[in-house]
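Enquirer: have a look at this prediction, sequence included:
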Amino acid sequence: MAQEQGLTISMGGGLDKTSSSFDLFKQPGAAIRLTNFESSTEGGYRRVNGYRKFVSSGVQSITVDNGGSGYVTAPTVVITDVERIGSGATATAVISGGVVTSITVTNAGSNYQAPPNVELVSATGTGAQATAVLSTPTQPNGSDDPIQGIYAHAEGGIAIQNGNMYWSEDGVTWIQVNKDYGSCSSGGTTTQYTCEVANHTWTASYATAAQLASSGTVVALDADARYTFTEYTPAATNRPRITICNGADPIAYFETYTSGGTRYFRFQRALYKAFAISPTVPNYALIPRPQYCETHSDHIVVGGWPVQNDVFYYSDLYDDTSFDGASAGEISISDEVTGIKVFRDTLIVFGKNSIRKLVNINTADISLQDVTKNIGCLDGFSIQEIGGDLVFLAPDGIRTVAATTRIDDIELSSISSKIQPIITKLTKDIGRYQISSVVIRSKNQYRLFYTVPGANIAAQNGITGTFKISQNGAPMWEWSELKSFDVACLTSGFDLNNVERIYHGDYNGYVHSHNVGNTFDGESIQAIFKTPDIDYGDVGVRKTLHSVKLSIKPEGSTAINMDVRYDFEDGDTLQPQTFEVGSIGAPAIFDEATFTISIFGVSSSPIRRLPLWGSGFSNSFKFYTDDTNAPYSIQGLYVSLIPSGRR
C-alpha cells in the first residue's frame, strides 16, 4: 500500500508568463496569475492595500449606529486611529433610558486620513456602536476634469487640473496658485508677460490665499498636458522652490511657506528674460517649453520640448530661474529627449534610441558620454530610481541603466522577462496608454500604470515589481499585475515627520492616498493568486490529495477562498468545489493591537489545515478574495498526498 507523502512549497518568484508548464514544475511557488497581490519583502505574496480620496481632517461628528442597552452611566468614548496618523479627537456620549442617544465631539483632533475607530467602553451597558465622520474630500476645481499632475510637498501638495494649479493641505480646501502677483519695474502692468514684453523687470511677490483670490491674475496653463516637477532650495532664500514643466508652456516656479500661522505663495515663469530672448519683437514661440525637469549639482536641467526635442537646457549655477548666464547652456543629444534623471550624482539623459550621461557640468569640460546608442526610453514617466539603479520602460521591456552600462547592450535581458507578454502588449500600443510610475521605498517596490483616459476603471492596468536579493546574493525582481487603479498621475514624498506618502490623481478630478486602506475608494479589492500545476516530482503518477496546510499571515480578519484544479483544469477530470479557508483573525502584537479588531493568542503566521479530495497527475491552487477585508500574505503550503497508479 502506498505511503502518504508530503511536499512543502514556499511562495516566491512572482508572476511568470513565459516559462513552460514543465519548467514551472520546478517552480511550484511561482504564480501564473497574480492580480492585486505584491511580492512581499517578508516572504510570500501579499494582497495589496487600496486607495481612498485624500483628506486630512479632524473628527467632524460621530454617528450612533446602535444605541445598545443597559447603560447606567454614559460610556467612555475611545477614539483610535489604527493608521496612527491622526490624533487628539475626544468625545462624550449622552444616554437616555439606558441607551446611547448621541455623541458630542469635544475636540476634533487633526490629521485623520480615514475615520478612526470609535469604541464605547462601559462596565454596565453593551452593544452601542458608533462611526466617526471626517470632512468630505473635494476636487481641486470642483469638476470631474482629469488630474494632469500631482506633487507631494512636505507641508501639503500640488494638483493640476484643467490647466490650473491648486495647493491643499487637507484635500478639502484647494487654493488656486497659478496667478501672477507682483510688480513691474515700470509701466504699471499686472502680469509677468506684459511686463517683460515691455522690456521691464517683473518681481513676483508672495501672497496669501485671500490676496490671490482678490487681485491675482490667472496664468492659464495647458489643459491637456502632463506635468513634471523638481525641487531646488536656493541658498539665498533657504526655501524649496518647485520647478514645473509640461512640454506646452514655459517653465513655471512655485514657492510656499508659513509665517505667524499664515501661508504665503509665489508663482512665476521663465519667459524672455530667463533665456535672454529679446522682447523687441516679441516671439512667444521662442521660449522653451520642456516636458521634463530635474535638479542636478545646483542647476535645473530641462528638456523634451517638442519644438527642439533633441536639446536639453541647464540653468545657471545656484540660480534655477536663469538660463542665460555664464554657467548656463544647452546641449543636443542628437536624439529625441524622452526623460531626464539624476543617478548616483550623474545626470542621465534618455533619448528615444539612446542613453547618455552628462559629466563635468560645473567645469569647462562639460560633455555628454554615451551609455548606449542602441536602447532608448519609450516614456519618461516610467523612469524611477530603486535598488541603487534606474529603471525605465524600453521598447523590449523594463530595463536598468546600470545593467545596460555594464554589458553595453550585448545580450542584455530586461528585468521584466517573466512578464514579457504584458510588456509586449503595452509597448506595441504605447500611444494608447498614459504611463505613470512610482517607487514605494518601504517595500522596495516599483509600480508602473498604463491607463486609458476615460476608460472603465475595471479596465485600468498596472504592474508592480519588488526588488529582492536572492539567497546567493544576486539581485532579482518579482512581478505581479494591478487592476482597477484609476491612475492618471503619481507622486511620492515625505511629510514633515519624514513618513513616506504616496498619492495619485485620477481621471475624475480627485486626488487619492495610494497604498492605504482595505478598499478601492470604498469598493472591494478583487485579488487572485494561482500557482502553476504542481507534479510533486513525477507527472506520470496519479496522486490523491488528502489535505493542505496553509501558512497565511493576516493583517486583519480574512475570508479567503481556494480552488484546487487537477490536470491543468482538464474538463474530463472531476474538479472539486471551492474550499473556504475560513476567517483568520489578525494577531495581537504588543503596542500595535487594537481592541475589537486584533485577536490575542493568535500566531502572526497561522497554519490553517484543510481536508482535500480528488486526484490527478498534477494540480494547481488558486486563492482569491473579493472584499473589503484587511490584506493578508500567503507564504507557503504543505500538501499531504498518496501516490497511486502510473499512467
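Expert: Noted; the coordinates are in hand. In this text the structure is predicted, and so the values were computed from the model without any measurement.

Enquirer: just the helices in the protein please.
Expert: 21-24, 192-197, 209-215, 401-407, 420-428 (DSSP state H).

Enquirer: among these, which comes closest to residue 276?
Expert: helix 192-197 (11.5 Å; C-beta to C-beta). Yep, even glycine has a C-beta here, placed from its N, CA and C like the rest.

Enquirer: figure out which of the helices of the chain is closest to residue 277.
Expert: So among those, helix 192-197 is nearest, using C-beta to C-beta, at 9.2 Å.

Enquirer: how about the closest one as CSV, C-alpha atoms only?
Expert: Output of helix 192-197 as CSV, limited to C-alpha atoms (Å, rounded to 0.1, in the frame of the first residue of the first chain):
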residue,chain,number,x,y,z
GLN,A,192,4.8,89.0,-15.9
TYR,A,193,4.3,88.5,-19.6
THR,A,194,3.1,92.1,-20.4
CYS,A,195,5.9,93.4,-18.1
GLU,A,196,8.6,91.5,-20.0
VAL,A,197,7.2,92.3,-23.4
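
Enquirer: any low-confidence regions in this protein?
Expert: 1, 282, 403-413, 586-605, 647 (pLDDT under 70).

Enquirer: domain ranges for it?
Expert: 5-48+526-646, 57-133 (automatic domain parsing).

Enquirer: coming back round to it: ok, and which of the helices of the chain has the densest surroundings?
Expert: helix 192-197 (a mean of 21; mean count of other C-beta atoms under 10 Å).

Enquirer: for it, name the packing helices and strands.
Expert: If you count contacts as 3 or more C-beta pairs under 8 Å, 6 or more residues apart in numbering; DSSP states H and E, helix 192-197 packs onto strand 182-184, strand 202-204, strand 262-269.

Enquirer: run through who's touching it.
Expert: Residues external to helix 192-197 that are found in contact with it (C-beta atoms under 8 Å, 6 or more residues apart in numbering): 180, 182, 184-185, 187, 189, 201-202, 204, 219, 268-269, 271-273, 279, 282.

Enquirer: and stretch 43-50, by the same measure?
Expert: 10-12, 31, 34, 36-40, 464, 480, 482, 515-521, 525, 527, 529, 551, 553, 625, 631-636.

Enquirer: returning to that earlier point: tabulate the domains of the chain (CSV), appending distance to residue 379.
Expert: Converted to CSV, the domains of the chain look like this (distance: least, C-beta to C-beta, whole Å):
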stretch, distance to residue 379
domain 5-48+526-646, 21
domain 57-133, 31
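
Enquirer: residue 339: which of those is closest?
Expert: Using C-beta to C-beta, the nearest of the domains of the chain to residue 339 is domain 5-48+526-646, at 25.3 Å.

Enquirer: from the chain's centroid, how far away is that closest one?
Expert: 27 Å (C-alpha atoms, centre = their mean, to the nearest Å).

Enquirer: over to stretch 420-439?
Expert: Using C-alpha atoms, centre = their mean, the offset of stretch 420-439 from its chain centre is 16 Å.

Enquirer: show the contacting residues for residue 204.
Expert: 180, 181, 182, 192, 266, 267, 268.

Enquirer: who is it paired with across the strands?
Expert: Beta-bridge pairing for residue 204 (DSSP bridges): residue 182.

Enquirer: equivalent analysis for residue 447, please.
Expert: Beta-bridge partners, per DSSP bridges, of residue 447: residue 438, residue 464.

Enquirer: in CSV, list the helices of the chain along with distance to residue 167.
Expert: Putting these into CSV (distance: least, C-beta to C-beta, whole Å) gives the following:
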stretch, distance to residue 167
helix 21-24, 51
helix 192-197, 19
helix 209-215, 8
helix 401-407, 34
helix 420-428, 34
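
Enquirer: between the ones you listed, which one is closest to residue 79.
Expert: helix 209-215 (30.4 Å).

Enquirer: so what touches the closest one?
Expert: 175, 176, 177, 179, 181, 263, 265.

Enquirer: at 10 Å what do you get?
Expert: 167, 173, 175-181, 190, 205, 207-208, 216, 218, 262-265, 267 (C-beta atoms under 10 Å, 6 or more residues apart in numbering).

Enquirer: now list the buried members of the residues you listed.
Expert: Buried residues within those, counting neighbours by 16 or more other C-beta atoms under 10 Å: 167, 175-181, 190, 207, 216, 263-265, 267.

Enquirer: show me where the stretch 351-500 of the chain has strands.
Expert: 355-359, 367-372, 384-386, 389-394, 397-400, 434-440, 445-451, 461-469, 475-483, 489-494, 500-505 (DSSP state E, counting those that start in this stretch).

Enquirer: what residues of stretch 39-55 count as buried?
Expert: Under 16+ other C-beta under 10 Å, the buried positions of stretch 39-55 are 39-40, 43-55.

Enquirer: nearest to residue 122, out of the strands of the stretch 351-500 of the chain?
Expert: Per C-beta to C-beta, nearest to residue 122 of the strands of the stretch 351-500 of the chain: strand 500-505, 37.1 Å.

Enquirer: quickly run through the sheet partners of that closest one, with directions.
Expert: Assessed with DSSP bridges, strand 500-505 is paired to strand 489-494 (antiparallel), strand 511-516 (antiparallel).

Enquirer: quick check: angle from that strand to strand 434-440?
Expert: Using axes from the mean of the first three to the mean of the last three C-alpha atoms, to 10 degrees, one finds that strand 500-505 and strand 434-440 are set 170 degrees apart in direction.

Enquirer: tell me the angle strand 500-505 makes with strand 445-451.
Expert: Using the same axes, to 10 degrees: strand 500-505 against strand 445-451 is 0 degrees.

Enquirer: what's the farthest-apart pair in the buried ones among the contacts of helix 209-215?
Expert: 190 and 263 (22.5 Å).

Enquirer: turn the helices and strands packed on helix 192-197 into JSON lines, columns for distance to residue 572.
Expert: Formatted as JSON lines, the helices and strands packed on helix 192-197 follow (distance: least, C-beta to C-beta, whole Å):
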{"stretch": "strand 182-184", "distance to residue 572": "79"}
{"stretch": "strand 202-204", "distance to residue 572": "76"}
{"stretch": "strand 262-269", "distance to residue 572": "70"}
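
Enquirer: re earlier: so which of the helices of the chain comes closest to residue 450?
Expert: Proximity to residue 450 (C-beta to C-beta) singles out helix 420-428 among those, at 5.3 Å.

Enquirer: tilt between that closest one and strand 445-451?
Expert: 50 degrees.

Enquirer: elements contacting helix 420-428?
Expert: strand 389-394, strand 397-400, strand 445-451, strand 461-469, strand 475-483 (3 or more C-beta pairs under 10 Å, 6 or more residues apart in numbering; DSSP states H and E).

Enquirer: export those to JSON lines and tack on mean neighbour count and distance to residue 251?
Expert: Output for these, formatted as JSON lines (neighbours: other C-beta atoms under 10 Å; distance: least, C-beta to C-beta, whole Å):
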{"stretch": "strand 389-394", "mean neighbour count": "25", "distance to residue 251": "23"}
{"stretch": "strand 397-400", "mean neighbour count": "22", "distance to residue 251": "29"}
{"stretch": "strand 445-451", "mean neighbour count": "25", "distance to residue 251": "26"}
{"stretch": "strand 461-469", "mean neighbour count": "21", "distance to residue 251": "30"}
{"stretch": "strand 475-483", "mean neighbour count": "21", "distance to residue 251": "33"}
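
Enquirer: possible to save those as TSV with distance to residue 497?
Expert: What follows is the helices and strands packed on helix 420-428, written out as TSV (distance: least, C-beta to C-beta, whole Å):
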stretch	distance to residue 497
strand 389-394	28
strand 397-400	32
strand 445-451	21
strand 461-469	25
strand 475-483	28
